[in-house]
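Student: Based on what follows, work out the 3D shape:
(chains A and B)
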Amino acid sequence: MITKKEMQKAAEFIRKNVAADDFNFSINGSEDLLTRFAQNGITQHISGNKLNVNLNVAFDNKNGAASGNNLDEGSLKYLIKTAQGMAKLNQPDPEFVGSESAHKLPDVNNYAKNTADLTVEKIVDDILICVKNAESKGAKLSGISQKHVYDTFLITKNGFEGFDRSTSFSHSMTLKKEGVETKVSRSIKDYAKFSMAKMIKQLNSQFDSLNNPVQIKKGKIPVILRPAAVLNWLFYLIWTFDRRTADEGHTPFTDQIGKQFFGKNFTFRSRLDDPDLEASKFLNGGIPAENIDWIVNGVLKNMSATRFYAKKNDLKALRPYNIIVEGGDTTEQEMMKMVDRGVIINNFWYIRPTDRKIGEWTGLTRDGVLYFEDGKIQKSVTNFRWNEILHDATKRILAMGPSIQQEYYAKVPTLLIDDFNFVDVTTF
Amino acid sequence: MKKLVYDIINKLNAQNITYADVRFTDTDTQQIYFEKGKLKYFGSDMDSHALGIRVLADGCWGFAGTTILDKTSIDKTIKRAISNARIGSKFRKEPAFFKKLKPVQDSYLFKPIEDPFLMDDKYKIDFHEKIAQKLIGNDKIVYSFVYSEFYRQYKIFANTEGTLVDSLVYDSMPKMYVLASNGRESMSRNWPGDMNGQRGGFEIIRNAKLEENTDRIIEEAIKLLDAPRIEEERADLIIGNGHLALQLHESVGHATEADRIFGKEISYAGKTFIKPAMLGNFKYGSDIVNIYSDSINQGGMGFHLVDDEGTPGGTVDIVKNGILVDQQTSQENAALLGVKPSSNMMASYADDIPLIRMTNFCLAPGKGSLDDLIKSTENGYYIDFTKTWSIDDNRNNFQFTTEIGWKIENGELKHIVKEPTYFGITPEFWAACDGICGEEEWDFQGTFHCGKGEPGQAMHLSHGVAPARFKNIVCNVKA
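Tutor: Below is the predicted model of the structure:
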């Protein structure tokens, strides 16, 4: 992996040699260990380093950009020449904003030595435990285990300099036996806090509750969305969570800032001080990250904004750098008793917009669906296709479980939502 | 660079391994992006080098890649690739399948008509600005962009069996888009479609006739605001090439990648409803449906001399007269299925592992023109220009929406309809295909962005298609 010293040396070369009025120079480097397994055996070990070098320059308000993956002087000279050549040819950008100056950055630790030091041998040992579990059930296991160390380095003409090193460990596995198939996945910043035993327990619990699925009728049915499904759903909500597109009338969030647009028990924040979650030190070309409330008790408080749009409208140029959805204290057992019947969803798949203005999305369920009635799980059912207006669905939240860590950047609860709109059923 | 690759092969030959291959890629890209009439982004990614080493040792594959090409990094990468294989072998129950292939020594250097990387940058900017300016000015058009991307990749593949192949390819991708709004809803139109990447240089951008179609997409986007939606629950659909390429890609292309059968991509990209026993007997479509994987047609972005494990390019029937006959395979998965490898192992860059990927994945042409097909349709819709799509992880249940459709009545195109949405189950849908246009309508569509793998890779690939008709398809179910 490139050292911070090597990054600073390249930065010094850029400072000395860029003739443009302004610039941003960033280096992103990563080191990965990745093991893929399928059919109860390891299929591939992959390791590697990646490096991306990006230079954005401006003459007055005319921009140019170039990128590459080399830090030697010859490559940096070529980068400067290309970016500056492009900027000179470019037209003035009416939305140009000068680069960030020096800022005090928040004290955030995204690095865990336990994760960085993780060896391929240890990863293999973990996988072997999972495979033995699968074999004990006469099932087949497939998945991936990965260690990721990632560096972000940014300097600007106006004096900003920021560096962050982050780590993550992720593990996902799918257990399959004949018509029964389910998956669990988890990622974490600090491997020392990762419990494979807990993950296997969750996998087994999901697997054991499933049997050969039967079809039930489509329609509006209460759902218990487990955390993986909730997070998958939130990604798509966040995807359209841009202030400018809302103000310009292209999304359902137009004119909704400060209003009760979501369900009253729905709160979504990004936090720097959660010890378990990764939090960017800086965003958007050098803006220091800060604690921010996006939705509080259903009221839309803030949305993502670019530096230009934020400056023009006196907003914060932030984006959700981590995801914390507040939970409640209802257990899944209690949720099943709160409605006559419903389905438990482990995860969603292939969510796509069908109407961006209304905020309607389509998607499918995956990793096993359970039907419950009279407060008890009755049977496994085949997957559904759904069409839903996602923000409207938050108004139908009947109960929430505790918010738990699902990924190294997210904590979300299990949700009980009434009348989820299933429009089709599958045969598997 | 060939010397560097040779040296690595020699170092690998000195190790106690069964086989190794080395890939090197040098990739350049350039993007020009005008938004609402203004040049928003003009940038290049230049000379990005990557090296990947794949080793078979003690019955297991190991891989290591790097973008740092100094001696220390390369030696470390060799060592890691070998140790990755050896560690994995301790936990492998059956040794990985490997069959020696006849060595290939060849070179393919594609020459575009107009090399976008040698052209005057100002000319390219002015070319796009003229189009960008034509997309603005109408007060109902609230957003627009015109975008082109150019790609050039030089690749060397060598293995310890004596194969050494190098290739240089150019791909280009144009797109323009407008969004019309009446304050209540927004309707989009794009050109030339989502599957808009092609093998070639700036001539691809010219051939897309962007400027000639600006008025058309503006007019259609505005008309769509007041257009009706499809009201029928079932309808006959003729699908145009741009969208049919995506339909083929999602419901046949991904479904017939053999690694999915064996659960090797199950955790992320998903699986397939296909089982090995279906080969040779499963009715995938109607008798007129013939689908093949073709890596030797130089017109498509999937052309190669050898794939990324050294299997020479070729053509393999996947669906023959409606029956599923084969799969897209690697050497290892082909052996598991008892078929010949189809030359479909590809990686985006040298430091990515090869995966089973579509190359030129094609629907064979039938007979007649699009006009003929429309004339023979009593009541239905002609739809094209993808808006959104979603398919389950078995590649079976799907819901697709296009930007626009045209009502067909008694063999004639009538009024437009907004956002036609249709549902289907893959084999039922292809079984409902009762007409495919002929060679005169057949062309390559393509994408730069086919995602697969962990970590993710985006692949350039093409689909040869001609418009086709599907009978009695379920349409338009809204929330």
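Student: shaky segments in the stretch 1-150 of chain B?
Tutor: Along the stretch 1-150 of chain B, no part satisfies pLDDT under 70.
Student: quick one: the strands in it?
Tutor: B:19-35, B:38-57, B:60-66, B:105-109, B:141-159 (DSSP state E, counting those that start in this stretch).
Student: Show me what the least confident helix or strand in chain A by mean pLDDT packs onto, helices and strands only.
Tutor: The weakest-scoring helix or strand in chain A, judged by mean pLDDT, DSSP states H and E, is strand A:41-59 (a mean of 87). With contacts defined as 3 or more CB pairs under 8 Å, 6 or more residues apart in numbering or on different chains; DSSP states H and E, the packing partners of strand A:41-59 are strand A:22-38, strand A:62-68, helix A:73-89, helix A:120-136, strand B:60-66, helix B:71-89. Every C-beta, even on glycine, is put in place using the N, C-alpha and C of the backbone.
Student: my guess is residue A:211 is in a helix, correct?
Tutor: No: counting by DSSP: H, G, I helix; E, B strand; the rest coil, residue A:211 is not found in a helix; it is coil.
Student: How about the contacts made by it?
Tutor: For residue A:211, the contact set (CB atoms under 8 Å, 6 or more residues apart in numbering or on different chains) comprises A:180, A:379-380.
Student: Measure how the least confident helix or strand of chain A sits relative to strand A:62-68, angle-wise.
Tutor: For strand A:41-59 against strand A:62-68, the angle by axes from the mean of the first three to the mean of the last three CA atoms, to 10 degrees is 150 degrees.
Student: The nearest residue to residue B:100 once chain neighbours are set aside: what secondary structure?
Tutor: Distance criterion CB to CB, 6 or more residues apart in numbering or on different chains; nearest residue to residue B:100, sequence neighbours excluded, is residue B:161 at 5.9 Å. With three-state DSSP as the basis, residue B:161 sits in coil.
Student: In the sheet, which residues pair with residue 173? Tell me.
Tutor: By default, I'm working from chain A. residue A:143, residue A:184 (DSSP bridges).
Student: not what I meant, chain B
Tutor: Here residue B:173, judged by DSSP bridges, has bridge partners residue B:149.
Student: mind checking how far residue A:291 is from residue A:409?
Tutor: Distance, residue A:291 to residue A:409, using CB to CB, to the nearest Å: 15 Å.
Student: residues in contact with residue 131?
Tutor: You didn't pick a chain, so chain A it is. By CB under 8 Å, 6+ apart, the contact set of residue A:131 is A:37, A:40-41, A:141, B:91.
Student: Wait, chain B was what I had in mind.
Tutor: Residue B:131 neighbours (CB under 8 Å, 6+ apart): B:34, B:146, B:176, B:210-211, B:214.
Student: same thing with residue A:383?
Tutor: Residue A:383 neighbours (CB under 8 Å, 6+ apart): A:213, A:364-366, A:369, A:425-426, A:428, B:392, B:397.
Student: Neighbour-wise, give me the winner out of the residues you listed.
Tutor: Neighbour counts for these peak at residue A:365, which has 28 neighbours (criterion: other CB atoms under 10 Å in any protein chain shown).
Student: wouldn't it be in contact with residue A:382 here?
Tutor: No: between residue A:365 and residue A:382 there is no contact under CB atoms under 8 Å: 9.0 Å.
Student: before we move on, which element is residue B:217 in?
Tutor: Using DSSP states H and E, residue B:217 maps to helix B:214-225.
Student: re earlier: of the contacts of residue A:383, just say which sits nearest to residue B:421.
Tutor: residue B:397 (13.9 Å; CB to CB).
Student: Does chain B have contacts with the helix or strand that contains residue A:347?
Tutor: Taking DSSP H and E as the criterion, the element that holds residue A:347 is strand A:341-355. Yes: under the criterion of CB under 8 Å from any CB of the partner chain, chain B is reached by strand A:341-355 at A:349-355.
Student: Identify the residues contacting whichever residue of the stretch 51-200 of chain B sits closest to chain A.
Tutor: Residue of the stretch 51-200 of chain B nearest chain A, by CB to the nearest CB: residue B:84 (3.4 Å). When contacts are counted by CB under 8 Å, 6+ apart, residue B:84 touches A:44-47, A:120, B:55, B:62-64.
Student: Give me the buried subset of those residues.
Tutor: A:44-47, A:120, B:55, B:62-64 (16 or more other CB atoms under 10 Å in any protein chain shown).
Student: Restricted to strands, list the contacts of residue A:211.
Tutor: A:180, A:379-380 (DSSP state E).
Student: Compare the contacts of residue A:131 and tell me which has the most neighbours.
Tutor: Busiest of those [other CB under 10 Å] is residue A:37, holding 28 neighbours.
Student: Run through the residues that contact residue 326.
Tutor: If you meant another chain, say so; for now it's chain A. By CB under 8 Å, 6+ apart, the neighbours of residue A:326 are A:267-269, A:400, A:403, A:413.
Student: my question was about chain B
Tutor: B:256, B:279, B:316-318, B:339, B:342.
Student: among those residues, which are in strands?
Tutor: Going by DSSP E, the strands hold B:316-318 from the contacts of residue B:326.
Student: Filter the residues you listed down to the buried ones, ChimeraX style.
Tutor: Buried residues within these, by 16+ other CB under 10 Å, are selected in ChimeraX with:
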select /B:316,317,318
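Student: so which of the ones in strands among the contacts of residue B:326 comes closest to residue A:307?
Tutor: For the ones in strands among the contacts of residue B:326, the nearest to residue A:307 is residue B:318 (49.0 Å; CB to CB).
Student: Quick check: that closest one vs residue A:292, distance?
Tutor: For residue B:318 relative to residue A:292 (CB to CB), the value is 50 Å.
Student: All the helices of chain B, residue numbers only.
Tutor: Along chain B, the stretches classed as helices by DSSP state H are B:2-13, B:71-89, B:121-134, B:202-207, B:214-225, B:241-248, B:258-261, B:331-337, B:370-375, B:426-431.
Student: Is the helix holding residue B:217 in proximity to chain A?
Tutor: No: Helix B:214-225 stays clear of chain A (CB under 8 Å from any CB), getting no nearer than 11.3 Å.
Student: Report all helices and strands that that helix contacts.
Tutor: Right, helix B:214-225 is packed against helix B:121-134, strand B:141-159, strand B:164-181, strand B:186-191, strand B:397-409, strand B:412-418 by 3+ CB pairs under 8 Å, 6+ apart.
Student: next one: it to chain centre, how far?
Tutor: A distance of 28 Å separates the centroid of the chain from that of helix B:214-225, by CA atoms, centre = their mean, to the nearest Å.
Student: Same check on stretch B:282-298?
Tutor: 16 Å.
Student: quick one: is that stretch near chain A?
Tutor: No: for stretch B:282-298, no contact with chain A is found by CB under 8 Å from any CB; the gap never falls below 14.7 Å.
Student: Which residues are in contact with residue A:384?
Tutor: Taking CB under 8 Å, 6+ apart, one finds A:218, A:343, A:364-365, A:369, A:422-426 in contact with residue A:384.
Student: if you skip the residues just before and after it, what's nearest to it?
Tutor: Residue A:384 sits nearest to residue A:422 (CB to CB, 6+ apart), 4.2 Å away.
Student: Identify the contacts common to residue A:365 and residue A:382.
Tutor: With CB under 8 Å, 6+ apart, residue A:365 and residue A:382 have no common neighbours.
Student: looking at the sheet around residue A:42, what are its partners?
Tutor: residue A:37.
Student: about what we covered before: I'd like the contacts of residue A:383 laid out as a markdown table, including distance to residue B:332 and pLDDT.
Tutor: Compiled in a markdown table, the contacts of residue A:383 are given as follows (distance: CB to CB, whole Å; pLDDT from 0 to 100):
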| residue | distance to residue B:332 | pLDDT |
| --- | --- | --- |
| A:213 | 31 | 89 |
| A:364 | 30 | 94 |
| A:365 | 32 | 95 |
| A:366 | 26 | 92 |
| A:369 | 33 | 94 |
| A:425 | 35 | 85 |
| A:426 | 30 | 81 |
| A:428 | 26 | 71 |
| B:392 | 26 | 90 |
| B:397 | 29 | 90 |
